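> Turn this into a model:
(one chain, ligands or ions: 1)
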Amino acid sequence: MNVTRFLRPVLERRAALTILSRNISRESTELKAILKDKITEHQKKVKEFRSVYGSKKIGEVIVDQVYGGMRGIKALATETSNLDPEEGIEFRGYSIPQCRKMLPKAPGGEEPLPEGIFWLMLTGDIPTPDQVASLSRDWAAHADLPSHVVTMLNNFPSHLHPMSQFSAAVTACNTESVFAKAYGDGVHKSTYWEYTFDDAMRLVAKLPTIAATIYRNLYREGSSIGAIDGKKDWSANFTSMLGYNDPKFTELMRLYLTIHSDHEGGNVSAHTVHLVGSALSDPYLSFAAGMNGLAGPLHGLANQEVLVFITKLMKELGGECSDDQLKDFVWKTLKSGQVIPGYGHAVLRKTDPRYIAQREFALKHLPDFPMFKLVSQIYKVVPPILLETGKVKNPWPNVDAHSGVLLQYYGMKEMSYYTVLFGVSRALGVMASLIWDRALGLPIERPKSMTTEGLMKLVGAA
Ligand code: CMX
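As a prediction, the model looks like this:
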């Protein structure tokens, strides 16, 4: 066996992946058929790779990592994206600037359609406009909710957080799971990925409807979300259901839903979906579990926390403040034992490219918006302070430091809702990954845990 072929450069590998083994053209809009070929090819590749390198050591684990959130332990295979500490996220080898440039846009639009990033994460290929349009049509055609889910959403009390409503509604959608039904019927495990694919497509289609219903119920007196337009793309239907008519807001949403979609496999939401899915819980249950993790303030809820922080800051210091006043406010926050939301990251060691993409959008469309100016001032003031603490490993802003201000500009002021938008986007990455998990037949996840006594004995401590 020629083992050197595993070492081919990424571009060559990607080119090889575009050659389909059966009679399906590269331009076909039959995503599932295209994927079937890719899966057969990749299964073979992984099998060969493991047969040669399966026992190769790729790292070691120290005691601090066991107590330290498992940072840096290479323990998950995730195909959809890779996070480099310096370069940031790459989706199948493509950076955010490349995705913004290369993925298909809506007619007259400048930002990528999120349908495109889903196609890219799933197949490794930049889709054609027709391929993206076929996803828009498919998702629009399946955006309706089961009536019991609508009833449930309409009966939630208004003090139930939008993320709790979101996750509960997704859980209740599992009445629709073809995976759960097929499993119950005893289908062969080699076909699991096909049912996961079908569920993933339906789930992604329904999320904007769930999210918009929550928004209307909580903030627009329960007004109707209106009808889905089969000719509109996923984001355009979403903003219209939310009740926004500004085409620029729809463009923002296309960018937002693209860049929040995936951040490799180890973050809380992606890892949770993978973990719960490994028990063969269906995609609805797996995704809902991930959303409960995204709802944590150290993860997705940080975008809500950033707005809370900025609002408090503006209230205390007024609309404009000096750098010195801002520094005092930041130190006060740190000394009271709280984090500066939107700053820091477990993997990244420079400004998040997702922050930069949103900053570029703001510089273009809302350069004089006072809150954007404040966000820019925070970007200047906070990193040196976090460095001065001597403990924060990454003093730079992450994605959550910028998203809220853009939403505020377009009139979406309800900050408790922001993480729901993050969740709608995150579905694209975690569902693409879940399909690959089942395609590769990944087993139930079960790492070994240790007691402190056990660890002490293991390392020969007294
Ligand atoms: N403000 C204050 N302190 C911070 C900090 C911040 N923004 N970021 C890290 N620290 C602190 C940690 O709390 C930790 O303190 P202790 O040793 O006292 O516990 C110390 O610095 C070292 O932490 P780290 O190794 O730099 O960061 P972690 O990998 O442990 O945590 C993260 C990463 C994102 C949870 C952390 O930076 C943080 O809490 N940031 C603020 C919340 C946030 O923006 N989360 C969103 C992340 C992106 C996303 O998932 O959506």
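> Quick check: residues of this structure near the ligand?
Counting by CB under 6 Å from any ligand atom, the residues of the chain close to the ligand are 267, 298-300, 302, 334, 339-346, 386, 391-394, 398-400. Using the backbone N, CA and C atoms, a C-beta is placed for each residue, glycine as well.
> Any of the residues you listed buried? List them.
Buried subset of those (neighbour count, 16 or more other CB atoms under 10 Å): 267, 299-300, 302, 334, 339-346, 386, 392, 394, 398-400.
> Quick check: helices, which of those residues are part of them?
Mapping those onto helices (DSSP state H) picks out 302, 334, 386, 400.
> Can you tell me which of those comes closest to the ligand?
Nearest to the ligand among these: residue 302, at 3.5 Å, using CB to the nearest ligand atom.
> ok, and the closest non-adjacent residue to the closest one?
Nearest non-adjacent residue to residue 302, counting by CB to CB, 6 or more residues apart in numbering: residue 400, 3.9 Å away.
> okay, among the ones in helices among the buried ones among the residues of the chain next to the ligand, which ones form the most distant pair?
Farthest-apart pair in those is 334 and 400; separation 17.7 Å (CB to CB).
> can you count the residues close to the closest residue to the ligand within the stretch 101-250 of the chain?
As assessed by CB to the nearest ligand atom, the ligand sits closest to residue 163 within the stretch 101-250 of the chain, at 13.1 Å. Close neighbours of residue 163, defined as other CB atoms under 10 Å, add up to 24.
> Check residue 275 too.
Residue 275 has 19 nearby residues by other CB under 10 Å.
> got it, and the one 10 residues further on?
Summarising burial for residue 285: neighbours were counted as other CB under 10 Å, giving 20.
> I'd like the distance between the residue nearest to residue 302 and residue 358.
10 Å (CB to CB, to the nearest Å).
> now do residue 25
36 Å.
> out of these two, which sits in the busier spot?
More crowded of residue 25 and residue 358, by other CB under 10 Å: residue 358, with 25 against 9.
> Which phi and psi values does the more buried one adopt?
Recorded main-chain torsions at residue 358 are phi -70, psi -40, according to degrees, to the nearest 10.
> In three-state terms, how would the nearest residue to it once chain neighbours are set aside be classified?
Distances taken as CB to CB, 6+ apart place residue 402 nearest to residue 358, at 4.0 Å, with adjacent residues excluded. What DSSP: H, G, I helix; E, B strand; the rest coil gives for residue 402 is helix.
> how deep is residue 402 tucked in, by neighbour count?
26.
> That one and residue 411: what is the separation?
Separation of residue 402 from residue 411 (CB to CB) stands at 17 Å.
> of all of this structure, which residue lies closest to the ligand?
residue 344 (2.2 Å).
> While we're on that residue, how confident is the model there?
In this model, residue 344 is scored at 98, pLDDT.
> Check the one 4 residues further on too.
Confidence at residue 348, expressed as pLDDT, is 97.
> Confirm that it sits in a helix.
No - using three-state DSSP, the assignment for residue 348 is coil, not a helix.
> number of nearby residues for residue 38?
Here the count is done by other CB under 10 Å, and residue 38 has 20 residues near it.
> Check the gap between the closest residue to residue 342 other than its chain neighbours and residue 375 for me.
Distances taken as CB to CB, 6+ apart place residue 401 nearest to residue 342, at 2.9 Å, with adjacent residues excluded. Look at residue 401 and residue 375: by CB to CB, they are 7 Å apart.
> Who has more neighbours out of the two?
Taking neighbours as other CB under 10 Å, residue 401 and residue 375 compare with residue 401 leading, 29 against 24.
> wait, isn't the more buried one in contact with residue 383?
No - judged on CB atoms under 8 Å, residue 401 makes no contact with residue 383 at a distance of 10.8 Å.
> what sits against the closest residue in space to residue 279 that isn't next to it in sequence?
Sequence neighbours aside, residue 444 is the residue nearest to residue 279 in space, at 5.7 Å (criterion: CB to CB, 6+ apart). With contacts defined as CB atoms under 8 Å, 6 or more residues apart in numbering, residue 444 is in contact with 278-280.
> That's all I had, so thanks and see you.
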